[in-house]
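Peer 1: Next input, structure requested:
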Amino acid sequence: MKSLTSLWNILAQEMASRCSTSTTMDQKTVQGRCEHEGLSFLTITLPSFAQDFQYCLDQGMVVPKAFLSFRKSGSCLPSFLRGFMEHVFHLDNGILIDDPCIESIYAIRQLTLLYSKIELPCTPSRERKAMQSYIDCDKEVEYNDSILDSSDYDELSRMGALLFGPVFSAVDRDIYDERIVPKHGPGATADKLSSNGKYSTMYWTQRLESVFHFGDFLSPTPRYSCEDWCDAVNILEPGAELPSRVISVPKTQKTPRIIAIEPSSVQFVQQGLLESLTRHTESDLLDQLIGSGSQVPNQELAQKGSISSLATLDLSEASDRVSLKHVEAIVQRHPLLKGALLATRSQRANVPGHGIIPLSKFASMGSALCFPLEAMVFLTLVFLGIERERGYRFTNRKEFYSFVGKVRIYGDDIIVPVDYVHTVIDSLEHFGARVGRHKSFWTGRFRESCGKEFYDGHDVSVVKFRRMFPSSRQCVPETISLVSFRNQLYQFGCWETCAWLDKKLRDLLHYFPCIESSSSALGRVSFLGYLSEKEHDHLHKPLVKACVVSSRSPRDHLDGRGALLKFFLKRGDLPRHDKGHLERAGRPRIAYIKTRWVTLLMGPLDITFVM
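Peer 2: Residues are numbered from 1 along each chain as shown. You can find the predicted model right below:
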């Protein structure tokens with residue numbers, strides 16, 4: 001706690017000097033409230049201040065219901081951070097200044113959001129509440145499905161066919177021609193198999209078998225389909241299938257993130273379908289309307305929206321509110337794809353404290369198909385809303401070209417023209433989505449999308465502290481996070497705070513030299529460049545003595561059919577760089593920090609994480 005408050009104080013002093021104000025009383029407020037409220041003041045209360053501040057920016061004034069957790073004396077502005085607030089809002093009436101100080105807007109956001117994403121476990125009561133919310137959300141999805149009229153699903157199907165018809169037809173052909181190539185992802189599975197163990201799985205499901213024959217997916221070559229191992233494959237009936245496993249992962253101290261871990265056989269095919277969907281989407285008009293790989297286009301449109309007429313919308317519990325019926329509707333005219341999506345979907349989930357429940361949602365976060373399908377459903381709903389505002393239907397795909405650069409979806413981050421925002425919100429909420437009003441912006445000049453925030457064209461994004469301070473070099477994740485945080489903060493010009501962090505990191509690592517950002521060393525990124533201490537004897541590269549992270553994947557032996565299957569499923573023509581992948585595989589469980597001579601310029605041979 002002392003290190004966290006000290007960092008806040010140093011950063012506050014630097015922000016104050018940049019904005020010609022003082023934070024002496026603010027530092028006393030933080031110190032006093034941390035003593036009484038604990039860490040939650042930094043991780044929950046301050047982020048709520050930031051949320052209210054952003055809402056007031058969008059509304060153009062300090063609304064009465066904002067900043068209720070902070071004292072207001074002699075003004076409608078809160079006493080906390082008032083030195084900065086006075087540069088943004090008028091002191092007497094709280095109205096937004098015509099030309100507010102961008103540095104002050106950044107300073108308020110940086111100081112209040114600094115610890116908003118720190119990875120700490122929630123209290124057991126918050127964990128239980130999050131699990132209960134997961135259950136309640138699914139019940140709401142089921143209820144919303146029941147009250148929608150059949151004409152609503154007809155409209156969803158019509159718009160889905162117009163938007164995605166060519167893409168879905170191409171995926172249909174891939175399924176029919178047996179061109180779906182499965183793939184195992186890097187994450188955990190509900191059956192708790194190791195990374196290499198996934199390739200030796202001996203079970204399939206009847207639902208998968210109805211679309212994808214197990215011999216085409218579990219055997220490395222056609223010859224294996226006739227071997228004895230075929231008789232040993234266990235094909236499970238729907239009632240005997242393994243449910244997805246719901247877990248919580250750190251998000252904020254206020255609430256954890258709830259995800260579902262899929263069974264290995266299910267996610268194996270999901271990854272193959274995802275690859276086909278992504279490939280055909282990227283070669284279609286949809287690539288300009290849906291983000292599948294890069295968040296940059298959404299961020300650029302958010303910046304444009306802060307000076308023009310584009311709105312940014314954020315959805316709450318987005319993936320959990322996409323109904324199975326929504327997905328069935330948009331793929332209604334493509335039976336092969338529809339059958340494949342239903343076959344690779346987990347119908348039940350094992351929720352801690354609640355047992356195994358049936359699911360009304362299409363998929364939770366954790367499914368490989370969750371992200372692309374939710375984006376497609378939301379895009380369909382957006383254009384239904386636009387259609388309603390225009391007063392007439394879209395009749396062909398060419399009409400969508402006029403919305404390129406104005407409409408874009410990346411997961412639950414939605415960008416639409418301000419002229420259509422109200423009917424788009426009505427359309428989304430009519431079909432069960434929930435728009436986060438405090439995180440959606442269209443009135444003022446503040447916009448946010450995909451982790452980037454802008455005010456009047458200026459980037460006011462902040463750097464967030466992700467992990468607690470490390471107590472020693474053995475705290476490897478914390479050390480890596482602190483070095484990354486320091487380097488990000490340096491890029492934002494917070495050099496006095498970086499100097500304070502440099503001292504702490506030198507005491508921790510002993511060696512903390514200036515490096516290039518591409519280097520594998522744990523070092524300081526600097527605009528002043530680096531200083532080489534010597535040169536490599538053979539490669540003639542500059543070297544410096546620094547700390548590096550070293551780790552090895554756990555032992556995970558694989559041979560026989562599984563090894564051959566893994567070989568044939570490799571993508572690309574280049575040989576694998578991890579030659580020992582049949583002996584070691586998966587994410588490293590232990591990492592070490594070692595001191596050695598390391599190159600300042602990252603090259604193809606400089607691999608820190610070895611297999």
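Peer 1: so how many other residues sit close to residue 558?
Peer 2: Residue crowding around residue 558 was assessed by other C-beta atoms under 10 Å; the count is 22. The way it works is simple: take the backbone N, C-alpha and C, and place the C-beta from them, glycine included.
Peer 1: quick one: it from residue 201, how far?
Peer 2: 12 Å (C-beta to C-beta, to the nearest Å).
Peer 1: ditto for residue 134
Peer 2: Distance of residue 134 to residue 201, given as C-beta to C-beta: 27 Å.
Peer 1: In space, what's closest to residue 571 - neighbours in sequence excluded?
Peer 2: residue 183 (7.7 Å; C-beta to C-beta, 6 or more residues apart in numbering).
Peer 1: hang on, that neighbour packs against residue 271?
Peer 2: Yes: contact between residue 183 and residue 271 holds when scored by C-beta atoms under 8 Å: they sit 3.9 Å apart.
Peer 1: Which residue, neighbours along the chain excluded, lies closest to residue 510?
Peer 2: residue 595 (7.3 Å).
Peer 1: Let me know the secondary structure of the one you found.
Peer 2: strand (DSSP: H, G, I helix; E, B strand; the rest coil).
Peer 1: What residues does it make contact with?
Peer 2: 510, 511, 545, 546, 547, 548 (C-beta atoms under 8 Å, 6 or more residues apart in numbering).
Peer 1: For the fourth one, what are phi and psi?
Peer 2: Okay, so that is residue 546. phi -150, psi 170 (degrees, to the nearest 10).
Peer 1: mind listing the helices for the stretch 351-500 of the chain?
Peer 2: Assigned helices in the stretch 351-500 of the chain, in chain order: 370-390, 421-430, 476-491, 495-509 (criterion: DSSP state H, counting those that start in this stretch).
Peer 1: Single out the most deeply packed of these.
Peer 2: Mean neighbour count, computed with mean count of other C-beta atoms under 10 Å, is highest for helix 370-390 among the helices of the stretch 351-500 of the chain, reaching a mean of 23.
Peer 1: just to revisit the earlier point, so can I have a markdown table of the contacts of residue 595 showing secondary structure and neighbour count?
Peer 2: Below are those laid out as a markdown table (DSSP: H, G, I helix; E, B strand; the rest coil; neighbours: other C-beta atoms under 10 Å):
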| residue | secondary structure | neighbour count |
| --- | --- | --- |
| 510 | coil | 12 |
| 511 | coil | 16 |
| 545 | strand | 14 |
| 546 | strand | 26 |
| 547 | strand | 23 |
| 548 | strand | 18 |
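Peer 1: Which members of these are the farthest-apart pair?
Peer 2: By the measure C-beta to C-beta, 510 and 548 form the most distant pair in these, at 13.3 Å.
Peer 1: low-confidence ranges in this protein?
Peer 2: Scanning the chain for pLDDT under 70 picks out 223-228, 601-611.
Peer 1: biggest helix in it, by residue count?
Peer 2: Secondary structure of the chain per DSSP state H: the longest helix is helix 150-176.
Peer 1: ok, back up a step: run through the bridge partners of the residue nearest to residue 510.
Peer 2: residue 547 (DSSP bridges).
Peer 1: if I look at it, how far off is residue 484?
Peer 2: 19 Å.
Peer 1: Then residue 46?
Peer 2: Residue 46 is 21 Å from residue 484, by C-beta to C-beta.
Peer 1: What of residue 342?
Peer 2: 42 Å.
Peer 1: Kindly report the same for residue 393.
Peer 2: When residue 393 is compared with residue 484 (using C-beta to C-beta), they lie 49 Å apart.
Peer 1: go on, residue 291?
Peer 2: 24 Å.
Peer 1: Quick one: end-to-end length of stretch 292-309, please.
Peer 2: 24 Å (C-alpha to C-alpha, to the nearest Å).
Peer 1: With stretch 241-255 instead?
Peer 2: 30 Å.
Peer 1: for stretch 551-571, same thing?
Peer 2: OK, stretch 551-571 end separation, C-alpha to C-alpha: 25 Å.
Peer 1: ok now it, how far from the chain's centre?
Peer 2: 28 Å (C-alpha atoms, centre = their mean, to the nearest Å).
Peer 1: Please, where are all the strands along the stretch 201-350 of the chain?
Peer 2: Listed in chain order, the strands of the stretch 201-350 of the chain (DSSP state E, counting those that start in this stretch) span 203-205, 234-236, 244-249, 257-261, 310-316, 348-351.
Peer 1: Compare these and give me the one nearest residue 366.
Peer 2: Of the strands of the stretch 201-350 of the chain, nearest to residue 366 by C-beta to C-beta is strand 257-261, at 4.2 Å.
Peer 1: Just checking: what are the partner strands of that closest one?
Peer 2: Those paired with strand 257-261 in the sheet (DSSP bridges) are strand 244-249 (antiparallel).
Peer 1: This completes my enquiry, with thanks.
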